[in-house]
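J.: Structure for the following, please:
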Amino acid sequence: MTIAPALIPKTQRFLELLYVLTARNLKVRYRGSLLGVYWSLLNPVIMTGVYTAVFGTTFAAYYDNSVVNYVLAAFTGLVVISFFNSTTAQALPSVVRNGTLLNKIRLPIGVLPLSMVMANVFQFMVGAFPLLAIITLWVSGNPFHVLLLLLPVLALVIVTTGVSYILSGLYVFFRDLPYLYELVTFILLISSPVFYPAEIVPPLVQPFLALNPLSPIIESIRQLALKGETDLNQIGAAWVGSLVIAGLGWVAFRSWYDQFMDLL
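T.: The predicted structure follows:
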């Protein structure tokens, strides 16, 4: 009876800090910017054009012999991988970058990487998600599928949050982590069915690619947006992988928590 009321002020303070820091991240990022949050669409749009020019004709056979279908498939995959890569890369230095602030003011450290994730979620929901919704309505003609898109999108946010906690915590101890993470993001891109169909992957390699938590998220979004189908097994796999990684990320971050202030 006494625990829940005690948690209310802490939760309220955490949410208030999250809102303030998220707004600050967005203002700093787009101050003086012409397109604002819509710059986030530039990378997936340009890369879609590049992949279509190089692979569109070759892989069109896997998309009902339609280059347009390949364009849409590549775009949905790139939107997912772009959100994940940019968000985790920006969250990686969030704790260290605010070391001076943490030494002056007592703050819940966990709010720092989360505020970076939330800033990118806002950016995603304003920029990329409306396009995914339009594509879904155009292809399937079913507004309910637009609502179902929120399931794999939320799984994407959850897995991104978990990885962001792991990276931001590790960076306190290993300051050369960004160089290694550039290689990791490249491996994630190659091992995700973004610009190629999953069907062309050799059977011996497919079990290893299945370990990529982004693959079921990409496939779930494609099934809803491009095929008008709902595969609950695929969505379930996306959620299970996301929750496991998020849980591991938070546990790891909390276990390192007490050592942070000595290194900042």
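J.: Touching the host helix or strand of residue 144 from outside, list them.
T.: Under the criterion of DSSP states H and E, residue 144 resides in helix 143-148. For helix 143-148, the external contacting residues (CB atoms under 8 Å, 6 or more residues apart in numbering) are 133, 136, 137, 224, 225, 228, 230. Every residue, glycine included, has its C-beta placed from N, CA and C.
J.: now swap in stretch 82-92 and tell me
T.: The list of residues contacting stretch 82-92 from outside it, by CB under 8 Å, 6+ apart, reads 40, 43-44, 47, 113, 116-117, 120, 124, 128, 156, 159-160, 163-164, 167-168, 171, 177-178, 181, 185, 188-189, 214.
J.: Buried residues in that stretch, which are they?
T.: 82, 83, 84, 85, 86, 87, 88, 89, 90, 91, 92 (16 or more other CB atoms under 10 Å).
J.: Name the next helix or strand following the helix holding residue 144 along the chain.
T.: Downstream of helix 143-148 (by DSSP H and E), the next one is helix 150-173.
J.: tell me the mean pLDDT over that following helix?
T.: The average of the pLDDT scores along helix 150-173 is 96.
J.: Residue 45: neighbour count?
T.: Residues near residue 45, counting by other CB atoms under 10 Å, number 15.
J.: Which ones among the buried residues of stretch 82-92 lie within helices?
T.: In helices, defined here by DSSP state H, the members of these are 82, 83, 84, 85, 86, 87, 88, 89, 90, 91.
J.: Of those, which is the nearest to residue 218?
T.: Checking these against residue 218 with CB to CB, the nearest one is residue 84 at 10.1 Å.
J.: about what we covered before: now for the ones in helices among the buried residues of stretch 82-92, which pair is the farthest apart?
T.: Spatial extent of those (CB to CB) is set by the pair 82 and 91 at 14.7 Å.
J.: Residue 128 versus residue 30, what's the distance?
T.: Distance, residue 30 to residue 128, by CB to CB, to the nearest Å: 16 Å.
J.: Tell me which of the two has more neighbours.
T.: Applying other CB under 10 Å to residue 30 and residue 128 shows that residue 128 carries more neighbours, namely 24 against 17.
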